Structure formats: C-alpha cells, structure tokens
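J.: I would like the atomic coordinates for the input below:
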Amino acid sequence: MTAGPVAGLPRRRRWRGMLALGITTVLVALCCAGGVTALFLADPTTEDNALLLSSFGCGESGPVDANGNLPRIDPYGEAQVRNAAIIINVGAELSVPPKGWVIAVATAMQESALSNLPHLGANNDHDSVGLFQQRPSQGWGTPAQLRDPTYAARKFYEKLLTVKGWQQMPLTEAAQKVQVSAFPDAYAKHEPLATQIVNTLADGAARAAGTVSELRCAAGDEIAASGWTAPVGEGIVSGFRTAARPSHHGVDLGSGRGTPIRAAAAGRVLVSRCDADSAPPWSCDSDGSPSTPGCGWYVDMLHAGNIVTRYCHMVARPHVAVGEQVAAGQVIGLVGTSGRSSGPHLHFEVHINGDRSSRGAVDPVRFMRDVGAPLGAGT
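T.: Model (predicted):
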C-alpha cells in the first residue's frame, strides 16, 4: 500500500485568547441531594482546562507532516496512520474546517480501515477502490487516481463542501450525503476514534472552532470539531462525587431559571419524562426541594460511541420526545428546579458504554474538556 506525498503545513499562529487561568473560589452548591452547601473548589473550568488545552492545543500548530515520523494509533499501523495524516492535511490545504477532517477520517475508517485498497476482485463492492471506496463508474475518477490518497481525499472534501449545512449535521449523516452507502448509520461508531486521530495528528484540532487560518478552542455555545458543546455556559457549583457528596454522579451548573439547555452532541433521545410523579404528592410541575425524589423533568440522550448524557431539573416538560434525533446544540429544555433540587440549575451527567446507571457515570468535567467543550467556559 502506498501513500502519496503531502507537504507539511506551516506552523499556525498560537491562539492569543486561550482560556484565562483561574483561582480557587468559594462556590455555593445548589444540591441535587441535600441543602445548600459551601464548597471550596479549584474552579475546573479555568486553570485545569487552560493547562490541559494549552498542553495539547486546539489545532493552532496545524497537522503533522504526513511524510514524517508518525505515532502508532491502535488498532492502526504506520501505513494507515499515514493515510489518516494525508486526509487531514488535504482538508487543511482546502481550508475545510476540522470537523470535516473528523468526518473524512471516520468515513475512511468505515470504508477501508484507512487502507488504500486495490480492486478486490470477487470480494469487491462493485468497482470501488481506495481509501473511500470511491467508484470510477460513478465519476469519482480513474482507478489509478482513486488509489492516490491525496486525490481521493480531495474528491471526498469537494463533495462534502457541496452538502448544505454539513457542519451542523451529525457525522454519520454528513458522511452518508457524500458516500450514499448501503449502510448509512455505519459511520457513527468511528466518530470517537476519528476524533482522537485528528487530535493526535493535528495538535488537538478536534477541540477547535473557527476557521483553518485562525483555529481556537471552542467556548460557550460553539460546537467543537469533535461535535460536542457545553449544555449551558454557566460554571460548576457542585462537583462529581466529591468527598461531601460521593453519590453525586454528575455536576451542577448554576444556570438561572429558564436558561436554554442544549444537547451536548448529536444523538437520539432515550428518556424524556418526569421521575417524581410516581411518588405523590410530588410533581415536576412545581419547584422541588432537598426532600423531593428524583431528577424532576429530565432527558437522557444516546450519542456516538455509546455515550449517554443526562439533563435534570428542567422547569417544564422537555422540548424533545423519546426516539427523536437531536442535533448538537439543539435546545432540549429549560433550566428549572424540579425534583431533588434546592434552586435552579442544570444537573449534567455523562455515562460510558451505554450504561445509564451510576456504574457507567464518569466525571463530566474531564470528559467534556477532553472533547473540546469545557464546562463553564462562558458564552
């Protein structure tokens, strides 16, 4: 398998507006499982996020040289990682935003496992060849052209850029608009690793927002190239499984009543209901209290990579229904204080492996920081 040469891109100007360093602050926690508590916490949305993001970047230094020494990224070998680097570099040269790089890499992962495949004879899918399994008979180019990773990547991006609204689409939908595959949902499972590959090969570019000429870390309601965004812009007032609250399986974001809650990523609604109605006299249609059971009005959503997010204490019935496909950043409800709550805020959880129980819960601060959508970064 061969990889055509792609010149390395020049180093890009470092973003001058990196998140400011924070200091230890006194926070008043609007508890989901008790009364108002004073907590002394180092604000995880300032110093910690700034240090992590600055150490890994948000794409400011540009992609690596595809002809240089490249890291191994399991389960892919050197030739496959080089092909991924070529895909990323072609996207940068065409000024395609980094979300397009993630889409392109994920597509090639599905179509060829990042391998520059020849015609496979009887095992071939029609006359498909190359990284993206593009078909000469469908006008993509000659077989020889499509075996050139640079050419194949360029043709993929050229088609992607003709898709209206592709940057707002879920990855699998945008990829399908280009590929017209018989398996339109197959691309979604590759999104987490494709994001990791882009981060590794392009200075954390999957964390980025902005244009290729001036990439910067996503903040506020911006959607990072990874496809993730903060559900609200306000800061954290109660942390994940602290010493004082070891059974607090999410974080509380101190938003005011009626603040729009955005879906943290594209996904499908699993739950949209009130979980206090089963225990009268409590109701989600009135303010809760520390003695009121449950999440109040809440939503669970399933995302690519079998990630589940949870949004609790909404002021009224959520805006979305079970089974609905939701875009990243779409408003799914409004902040309130229903259920076990001592004041308006959003209780936000992240679960892995599709496990909606406490066993699957992970620290939302770390997770959201790693996908480039740090909590509490402001609007």
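J.: how does this protein divide into domains?
T.: For the chain, automatic domain parsing gives the domain ranges 63-202, 233-370.
J.: Quote the end-to-end distance of the shortest one.
T.: According to Cα to Cα, to the nearest Å, domain 233-370 extends 17 Å from its N-terminal end residue to its C-terminal end residue.
J.: again with the first one
T.: Using Cα to Cα, the gap from the first to the last residue of domain 63-202 comes to 4 Å.
J.: pLDDT of that domain, averaged?
T.: For domain 63-202, mean pLDDT rounds to 91.
J.: next one: the shortest one
T.: Here the mean pLDDT over domain 233-370 is 92, rounded to a whole number.
J.: So that it lines up with my notes, have the first residue be 17 from now on.
T.: Right, with 17 as the first residue, what we last looked at is domain 249-386.
J.: Work out the gap between that domain and the centre of the chain.
T.: In terms of Cα atoms, centre = their mean, to the nearest Å, the centre of domain 249-386 is found 17 Å from the chain centre.
J.: Secondary structure element holding the most centrally placed residue in the chain?
T.: Centroid check for the chain by Cα atoms, centre = their mean gives residue 244 as the closest residue, at 3.1 Å. Taking DSSP states H and E as the definition, residue 244 sits outside all helices and strands.
J.: so what's it up against?
T.: 280, 281, 344, 384, 387, 388, 389 (Cβ atoms under 8 Å, 6 or more residues apart in numbering). In short, each C-beta sits where N, CA and C put it, glycine included.
J.: got it, and residue 128?
T.: By Cβ under 8 Å, 6+ apart, the neighbours of residue 128 are 146, 147, 148, 149.
J.: Please repeat the previous calculation with a cut-off of 10 Å.
T.: The contact partners of residue 128, taken as Cβ atoms under 10 Å, 6 or more residues apart in numbering, are 17, 96, 99, 144, 145, 146, 147, 148, 149, 168.
J.: Same check on residue 335?
T.: Applying Cβ under 10 Å, 6+ apart to residue 335 gives the contacts 276, 277, 288, 315, 342, 346, 347, 348, 349, 350.
J.: Assign a three-state SS to the last one, would you?
T.: What it means is residue 350. strand (DSSP: H, G, I helix; E, B strand; the rest coil).
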